[in-house]
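[1] Got a predicted structure here, sequence first:
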Amino acid sequence: MSFFKKIFSSEKKETLDKGLEKSKTSFFGKLNKAVAGKSKVDEDVLDNLEEILVSSDVGVNTTLKIIDRIEARVAQDKYLGTSELNQILREEIAGLLSETNSGEDTEFVIPKDKKPYVLMVVGVNGVGKTTTIGKLAYQFKKQGLKVVLGAADTFRAAAIEQLQVWADRVDVPMIRQNMGSDPASVAFDSVKAGVDQDADVIIIDTAGRLHNKINLMNELSKVKRVMQKVIDDAPHDVLLVLDGSTGQNAFEQAKQFTAATEVTSLAVTKLDGTAKGGVVIGISDQFKIPVKYIGVGEGLEDLQVFNKIEFVDSFFK
């Protein structure tokens, strides 16, 4: 199909293929077992497929949507062979992802009419939030953009130091205060510094605590309000980072954060070390928030812009 035309560089595509290898092997191992000895997509095959999708962390609601779509095609085509199941699954999952993700971007881009572009990053500790910020800074700088980081996760000294390591590694300025400082104050200073330095992108790290949703909501609301004293429509993007290797726990984190603050995009990390790549499909569908980035390895280049066409192509390759 022309829909699946190659649009990534071969190097990026190889990284994506490799990053999804465990998910793909697990999924198709189960699928091949489910259709063994069957020539037709029947009720048994669909029941088994439903179980496979749920166990692959696609999520119950999204799984039911996919099964409904396939059932509709079975009813329409009358006879559907199991040999066609891969292609049908591929098309239906791509269609589902299309409802949330534009899927055309392959490079790290920011809107040209927002300068500086303010990106606020949220997520619990341990999901790869700091690493994602560092890799984003690297990618934006590689394009010749001027980047400023803001260390507004002031509740853990380690968070500030980890971000400093990335700022030094990528060679971009970072605004920081002492541990225990007001996060909103750091966010204000970071945005002000970004404006003063004529930055193109300002990336603000925030605390990853979820034990009290009300406190988190109040804190993030305050951070936003204070940034808006400098740039009235900041932040331009609130990026929630989720650990793909946690499967259903990533759904729960997404639920908690979307209840606490407005989230406008998602990054799903650590997909290379897990067989739970299906979580990208479920999260994208259930929350109707575009997946903007995926992490498929440890290297600086292994944070990729999520492209639904290439993701589905790698998964079903």
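    Right, received. Where do you want to start?
[2] and the residue nearest in space to the middle of the chain, what pLDDT?
    The chain has Ala267 as the residue nearest its centroid, 2.2 Å off, counting by CA atoms, centre = their mean. For Ala267, the model assigns a pLDDT of 96.
[3] which element is it on?
    Secondary structure assignment for Ala267, by DSSP states H and E: strand 265-269.
[4] Which neighbouring elements make contact with the next helix or strand after that strand?
    Per DSSP H and E, strand 265-269 leads on to helix 279-287 as the next helix or strand towards the C-terminus. In this structure, helix 279-287 makes packing contacts with helix 60-77, helix 85-98, helix 248-260, strand 265-269, strand 291-295, judged by 3 or more CB pairs under 8 Å, 6 or more residues apart in numbering; DSSP states H and E. Where C-beta positions appear, they are placed from N, C-alpha and C, glycine not excepted.
[5] Out of these, which is the most enclosed?
    A comparison of these by mean neighbour count, using mean count of other CB atoms under 10 Å, puts strand 265-269 on top with a mean of 25.
[6] Now distance to Gln139 too, for the helices and strands packed on helix 279-287, in a markdown table please.
    Output for the helices and strands packed on helix 279-287, formatted as a markdown table (distance: least, CB to CB, whole Å):
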| stretch | distance to Gln139 |
| --- | --- |
| helix 60-77 | 29 |
| helix 85-98 | 22 |
| helix 248-260 | 23 |
| strand 265-269 | 12 |
| strand 291-295 | 9 |
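[7] so which of those comes closest to Val109?
    Proximity to Val109 (CB to CB) singles out strand 291-295 among the helices and strands packed on helix 279-287, at 10.4 Å.
[8] Could you give the separation of the closest one from the chain centroid?
    3 Å (CA atoms, centre = their mean, to the nearest Å).
[9] Need the nearest residue in space to Thr154, chain neighbours excluded.
    Of all residues not flanking Thr154 in the chain, Ser181 sits nearest, at 4.7 Å (CB to CB, 6 or more residues apart in numbering).
[10] Just to be sure, Ser181 is in a strand?
    No: assigned with DSSP: H, G, I helix; E, B strand; the rest coil, Ser181 falls outside any strand and is coil.
[11] Does it touch Asp153 like I think?
    No: contact criterion CB atoms under 8 Å: Ser181 and Asp153 do not qualify, at 10.6 Å.
[12] Quick check on those two: which one has the bigger neighbour count.
    The neighbour count for Ser181 versus Asp153, taken as other CB atoms under 10 Å, is higher for Asp153 (25 against 16).
[13] ok, the more buried one - contacts?
    By CB atoms under 8 Å, 6 or more residues apart in numbering, Asp153 lies in contact with 159-160, 163, 183, 205-208.
[14] Can you select the buried ones among those residues for me in PyMOL?
    Listed next is the PyMOL selection for buried residues among the contacts of Asp153, using 16 or more other CB atoms under 10 Å:
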select buried, resi 159+160+163+183+205+206+207+208
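[15] Would you report which members of the contacts of Asp153 are assigned to helices?
    The helices, defined by DSSP state H, take in 159-160, 163, 183 from the contacts of Asp153.
[16] And the furthest pair within those residues?
    Leu163 and Pro183 (12.9 Å).
[17] Who does the closest residue to Gln197 other than its chain neighbours form a beta bridge with?
    Distances taken as CB to CB, 6+ apart place Val148 nearest to Gln197, at 6.3 Å, with adjacent residues excluded. Beta bridges link Val148 to Ile202 when assigned by DSSP bridges.
[18] residues near Val148, how many?
    Residues lying near Val148 (other CB under 10 Å) number 26.
[19] which residues touch it?
    Counting by CB under 8 Å, 6+ apart, Val148 has contacts 116, 172-175, 190, 193-194, 197, 199, 201-203.
[20] filter those to the buried ones?
    Buried among the contacts of Val148 (16+ other CB under 10 Å): 116, 172, 174-175, 190, 193-194, 199, 201-203.
[21] from the residues you listed, which ones fall inside helices?
    Per DSSP H, the subset of the buried ones among the contacts of Val148 in helices is 190, 193-194.
[22] just the helices in the stretch 1-150 of the chain please.
    10-19, 21-35, 43-55, 60-77, 85-98, 129-142 (DSSP state H, counting those that start in this stretch).
[23] Point out the one among these that comes closest to Lys308.
    Per CB to CB, nearest to Lys308 of the helices of the stretch 1-150 of the chain: helix 85-98, 4.0 Å.
[24] show me where pLDDT drops low in the stretch 1-150 of the chain?
    1-9, 78-79, 102-106 (pLDDT under 70).
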